[in-house]
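*Asks:* sequence unknown, structure follows:
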DNA sequence: GCATTGACGAAGG
DNA sequence: CCCTTCGCCAATG
């Protein structure tokens, strides 16, 4: 059995879109959240926000666990919470991060929003 | 190899 | 305001 099999197993050391997503997500500070589109836009694939979601799908298979719980859709809704184990884990972690979640939606989402295209640009 | 799906997003009705 | 359609790219059937 293989240890880890990324979606695109072209080459382990090959530059992958997924790696970029993971790298950005890991840089998300606590108490902050971002959207798939924001990450995609930062990577230049803003038209393909879905791919970011796909990367998240593999995120749990990646070594340094990616805080996918800090990534939500542009509505601030925990669209991917169903992919966590248990599904309620996502909002629980966010709550620990001082991020209030109500009705599967982050309260004051824009206030917690963390845009890599801005934060990482200012450095 | 074509058709469907998907943790999205924006636009249209 | 709610629902539908299109676009994007990759994976899966």
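*Replies:* Structure's in. What do you need? Computed from a predicted model, the values in this text were never measured in an experiment.
*Asks:* check whether the helix or strand of chain A with the lowest mean pLDDT contacts DNA strand B.
*Replies:* Using mean pLDDT, DSSP states H and E, the weakest-scoring helix or strand in chain A turns out to be helix A:116-122, at a mean of 81. No. Using C-beta under 7 Å from any atom of the strand, we find that helix A:116-122 stays clear of DNA strand B, coming within 12.2 Å at best. Yep, even glycine has a C-beta here, placed from its N, CA and C like the rest.
*Asks:* Enumerate the positions of that helix that are buried.
*Replies:* Across helix A:116-122, burial judged by 16 or more other C-beta atoms under 10 Å covers A:116, A:119.
*Asks:* and it, what does it pack onto?
*Replies:* For helix A:116-122, the packing partners by 3 or more C-beta pairs under 8 Å, 6 or more residues apart in numbering; DSSP states H and E come out as helix A:36-43.
*Asks:* after the helix it packs on comes which helix or strand?
*Replies:* helix A:49-59 (DSSP states H and E).
*Asks:* Kindly calculate the angle that that following helix makes with helix A:36-43.
*Replies:* Helix A:49-59 runs at 100 degrees relative to helix A:36-43, counting by axes from the mean of the first three to the mean of the last three C-alpha atoms, to 10 degrees.
*Asks:* Go through helix A:49-59 and flag the buried ones.
*Replies:* Those would be A:49, A:51-56, A:58-59, for helix A:49-59 by 16+ other C-beta under 10 Å.
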